[in-house]
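Colleague: model this:
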Amino acid sequence: MKHRDLAETNLLEPRLLRLFDALFSTGSVTKAAEKLGQSQPTISIWLARLRKELDDPLFIRSAEGMLPTPRAEALIGTARQALEMLRRLAELRPEFDPATAKRRFVICMTDASHITLLPAILAYVRRVAPGIRIEAAQIGGDTPRMLQSGEADLALGYISDLDAGHFQQVLFPQDWVCLANANHARIRDRITAKDFRREAHVLIRSGTGHQLLGDALREQRMVLDVALELPGFLGLPAIVGTTDLIATLPRHIGETLAHYYGLRVLDCPLAIAGFTVKQYWHARFHHDPASQWLRQLCGELFQQQEVRGLHRSGRPKRRRPRDFPS
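Modeller: Predicted coordinates for the structure are as follows:
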């Protein structure tokens, strides 16, 4: 037999290895076919291919059945070792036990999500997965690349242009509200379009909201009296709570700030396009157990009734997450 280069060597198919083992064990084409769940003609075809690949008859018909040749006897140990390795490979499944895991998750999000989403994620993780570390990264134009490379595990928010190879899951829709001082001298239970034009405003320059609000103002040819612009939401509650300025922002962050700081939430009189908050991940990590656990956690925490189906109360209901299987 001529020795062939590795590049020219054909690797045996697993089914041919299984046939080799079955024929060696049973000494019968009929019994081997039954053991493998195949027809005798199929087994004959496989045996012909096996003989060709190994350049040896391997089994010779006799009154006692199919007798192995010396080469078959020499190869059976190696063949069975290869089958055992293939079985172990098939059985090998990565596991993730949140109770004992030691790892870091990087989640891309806006600074608004630091207030609305991150506390709930961290509270749950601290309770059921104390060895997990969470790192919040800024969501932006580099987020798709970070998800693909594995630098980030998940993104929470709204990404308008997403590259191929990414998955997304809807969490909840967002419309718009206005925030006002609870003791505002001119604004009480509602704010009209006239009030909206008349009052002075504080604007947030970052995030999805800034762009959509700006688009709505241009479309409706409205110019606001902007007294203050902020780069983020950190100082917003203190400003609104101590002045007569009005803030216009997505409902989730608006209602959260109002709840913690005693501000008044009002339906926004300006028609502003809504958007959907989603979670995003790359296909490379779609089947990764740790990533699956994180996505299930966020889905249970934040997917609201518009996605799951209306609850009887007709109001958003946040569900407490279960202990997800790894």
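Colleague: contacts, neighbours, all on C-alpha from now
Modeller: Will do.
Colleague: neighbours of Phe56, just the number please.
Modeller: Actually, residue 56 is Asp rather than Phe. 14 (other Cα atoms under 10 Å).
Colleague: Would you confirm that it contacts Arg71?
Modeller: Yes: if you go by Cα atoms under 8 Å, Asp56 and Arg71 touch, sitting 7.2 Å apart.
Colleague: mind showing which ranges of the stretch 101-250 of the chain have poor pLDDT?
Modeller: Within the stretch 101-250 of the chain, the segments meeting pLDDT under 70 span 208.
Colleague: what are the ranges of the strands in it?
Modeller: 103-109, 132-138, 154-157, 166-174, 176-180, 200-204, 225-230, 246-250 (DSSP state E, counting those that start in this stretch).
Colleague: Dump those strands into TSV; add mean neighbour count and distance to Ile187 as well.
Modeller: Supplementary listing: these in TSV, determined by neighbours: other Cα atoms under 10 Å; distance: least, Cα to Cα, whole Å:
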stretch	mean neighbour count	distance to Ile187
strand 103-109	19	32
strand 132-138	16	35
strand 154-157	26	31
strand 166-174	18	23
strand 176-180	25	8
strand 200-204	20	12
strand 225-230	13	16
strand 246-250	24	10
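Colleague: wait, which of these is closest to Leu266?
Modeller: strand 176-180 (5.0 Å; Cα to Cα).
Colleague: which residues sit against the closest one?
Modeller: Contacts with strand 176-180, where a contact means Cα atoms under 8 Å, 6 or more residues apart in numbering, come from 187, 240-241, 244-251, 254, 258, 263-268, 272, 274.
Colleague: What subset of those is buried?
Modeller: For those, a neighbour count by 16 or more other Cα atoms under 10 Å gives the buried set as 187, 240-241, 244-251, 254, 258, 263-268, 272.
Colleague: Out of these, list just those in helices.
Modeller: 240-241, 251, 254, 258 (DSSP state H).
Colleague: which one of the residues you listed sits closest to Arg61?
Modeller: In terms of Cα to Cα, no member of those lies closer to Arg61 than Arg251, at 80.1 Å.
Colleague: ok, that closest one to Val170 distance?
Modeller: To Val170, Arg251 is 16 Å away according to Cα to Cα, to the nearest Å.
Colleague: Tell me how many other residues surround the closest residue to Phe59 other than its chain neighbours.
Modeller: In this structure, Phe59 finds its nearest non-sequential neighbour in Pro68, 4.4 Å apart by Cα to Cα, 6 or more residues apart in numbering. The tally of other residues near Pro68 (other Cα under 10 Å) stands at 19.
Colleague: do Thr78 as well
Modeller: Thr78 has 12 nearby residues by other Cα under 10 Å.
Colleague: now swap in the one 4 residues further on and tell me
Modeller: Other residues near Ala82 number 15, with proximity taken as other Cα under 10 Å.
Colleague: In a helix, it, correct?
Modeller: Yes: judged by DSSP: H, G, I helix; E, B strand; the rest coil, Ala82 forms part of a helix.
Colleague: Next one, pLDDT for it please.
Modeller: Here the pLDDT value assigned to Ala82 is 90.
Colleague: shift numbering so it begins at 14
Modeller: OK, 14 is where the count begins now, so the last one is Ala95.
Colleague: list the contacts for it?
Modeller: Contacts for Ala95 (Cα under 8 Å, 6+ apart) come out as none.
Colleague: can you tell me how far it sits from Lys48?
Modeller: From Ala95 across to Lys48, the span is 19 Å (Cα to Cα).
Colleague: repeat for Arg74
Modeller: Arg74 sits 19 Å away from Lys48, going by Cα to Cα.
Colleague: Helices of this structure, start to end?
Modeller: 27-39, 42-49, 53-67, 83-104, 124-129, 131-141, 156-162, 206-211, 220-232, 249-255, 264-274, 302-315, 318-321.
Colleague: can you redo those helices as a markdown table with distance to Cys191?
Modeller: Converted to a markdown table, the helices of the chain look like this (distance: least, Cα to Cα, whole Å):
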| stretch | distance to Cys191 |
| --- | --- |
| helix 27-39 | 65 |
| helix 42-49 | 70 |
| helix 53-67 | 73 |
| helix 83-104 | 55 |
| helix 124-129 | 15 |
| helix 131-141 | 23 |
| helix 156-162 | 29 |
| helix 206-211 | 9 |
| helix 220-232 | 12 |
| helix 249-255 | 11 |
| helix 264-274 | 7 |
| helix 302-315 | 22 |
| helix 318-321 | 22 |
